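J.: using only what follows, build the 3D model:
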Amino acid sequence: MKFIEKLKKISQKNNSLLCVGLDTELEKIPNLLLGEKDPIFAFNQAIIDSTSDLVCAYKPNLAFYEAYGIKGLEALKKTCEYIPENIPIILDAKRGDIGNTSKMYAKAIFDEFKADGVTLNPYLGEDSLSPFLEYEDKCSFILCLTSNTGAKDFQLLYFDGKPLYKIVVEKVKSWNKKMNCGLVVGATYPEQLKEIRELAEDLPILIPGVGAQKGDVELTVKYGTDKNGELAIINSSRGVIYASSEKDFAQSARAEAKRLRDLFNLYRKRG
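T.: The predicted model follows:
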């Protein structure tokens, strides 16, 4: 099944645009889990159990697992295996390197961790991304306009009369021959998000920045979704998974996920 089909099915089943980012830090999880054999996985497992009927995707950030070495990567692999099969996994890795190196990155992400999607950096050009694009049933989410303040250093610069992020959209559309490309656009740039959605047409857009970075929720939903109110994957990480640091952490994560899911749905346009 192609990524977009899988995304649409779970988005419709759970009536959700919410992606929960599994950015797990040992220093932030409840103390009661620290005695577990694998506290990172135990935490993720509880979060998944409490939110899996409310999300359209999960997005583990690879850095949060690499930081703990082999044990962290083992926890990531177990987490990916535990996520229900019908829910897409987007591994946030922001890869992008010369072809042979990218081939091995793609093998790790798609074959070893069994992710359904990945985030990629387009700075090295098409040949650096092509090993990922060879996986027809996966989705490569390419950085277009990121949510951080430093995005303006390059992404908002003009070349030949247009900002770089628009050039990225045009390039990604030309690379989308197998219908397996998407974009990453921050919620912190709502007007640009509107422009990008109009240019991107039916590309899925992964949208970080509505939580701790305070992106406007209403504009994110209205501008990020397609004409049918779909294909926006709106991520919240810390706001959901760390809603509580007490023994009720899973229930609190569920409550926050439901609040966001329902809030997003208030502003969805339906085809």
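J.: and stretch 210-220, how far from the chain's centre?
T.: Computed by Cα atoms, centre = their mean, to the nearest Å, the separation of stretch 210-220 from the middle of its chain amounts to 15 Å.
J.: for stretch 205-223, same thing?
T.: Here stretch 205-223 shows a centroid-to-chain-centroid distance of 12 Å under the convention Cα atoms, centre = their mean.
J.: next one: stretch 49-62 to chain centre, how far?
T.: Relative to its chain's centre, stretch 49-62 lies at 10 Å (Cα atoms, centre = their mean).
J.: okay, how far is it across that stretch, tip to tip?
T.: End-to-end distance of stretch 49-62: 21 Å, with Cα to Cα, to the nearest Å as the criterion.
J.: just stretch 81-89 next, same as before
T.: One end of stretch 81-89 sits 10 Å from the other (Cα to Cα).
J.: contacts for the strand or helix carrying V118 next, please.
T.: Applying DSSP states H and E as the criterion places V118 in strand 117-120. With Cβ atoms under 8 Å, 6 or more residues apart in numbering as the test, strand 117-120 has contacts from 3, 57, 88-96, 106, 109-110, 129, 132, 138-143, 182, 184, 206. Every residue, glycine included, has its C-beta placed from N, CA and C.
J.: mind listing the helices for this protein?
T.: In the chain, the helices defined using DSSP state H lie at 3-13, 39-51, 63-66, 69-82, 99-106, 126-133, 164-175, 190-200, 217-224, 238-241, 249-266.
J.: what about the stretch 51-200 of the chain, any weak spots by pLDDT?
T.: Along the stretch 51-200 of the chain, no part satisfies pLDDT under 70.
J.: please tell me I have it right and G209 contacts G186.
T.: Yes. Under the criterion of Cβ atoms under 8 Å, G209 makes contact with G186 at 4.3 Å.
J.: give me the common contacts of those two.
T.: Residues touching both G209 and G186 (Cβ under 8 Å, 6+ apart): S147, G215.
J.: rounded mean pLDDT for stretch 258-271, please.
T.: The average of the pLDDT scores along stretch 258-271 is 89.
J.: surely L219 meets P190?
T.: Yes. The criterion here is Cβ under 8 Å, and L219 meets it with P190 at 3.8 Å.
J.: neighbour count winner among these two?
T.: Ranked by neighbour count (other Cβ atoms under 10 Å), L219 and P190 place P190 first, with 19 against 16.
J.: surely that one meets T220?
T.: Yes. With contact defined as Cβ under 8 Å, P190 counts as touching T220 (6.4 Å).
J.: got the contact list for L62?
T.: Residues in contact with L62 (Cβ under 8 Å, 6+ apart) are L76, L91, D92, A93.
J.: and A67, how many neighbours?
T.: Neighbour tally, A67, other Cβ under 10 Å: 10.
J.: from the contacts of L62, which land in strands?
T.: If you go by DSSP state E, the contacts of L62 have L91, D92, A93 in strands.
J.: from the residues you listed, keep the buried residues only.
T.: The neighbour-count test (16 or more other Cβ atoms under 10 Å) applied to the ones in strands among the contacts of L62 identifies L91, D92, A93 as buried.
J.: quick check, nearest of those residues to A253?
T.: Comparing these against A253 with Cβ to Cβ places D92 closest, at 18.5 Å.
J.: which strand residues bridge the closest one?
T.: In this entry, D92 is beta-bridged to N61, by DSSP bridges.
J.: how about stretch 248-264: buried residues?
T.: Per 16+ other Cβ under 10 Å, stretch 248-264 contains these buried residues: 249-250, 252-258, 260-261, 263-264.
J.: contact partners for the residue nearest to T24 when sequence neighbours are not counted?
T.: Nearest residue to T24, sequence neighbours excluded (Cβ to Cβ, 6 or more residues apart in numbering): I40, at 5.2 Å. I40 is in contact with T24, L26, I29, Y65, Y68, K71, G72, A75, T79, counting by Cβ under 8 Å, 6+ apart.
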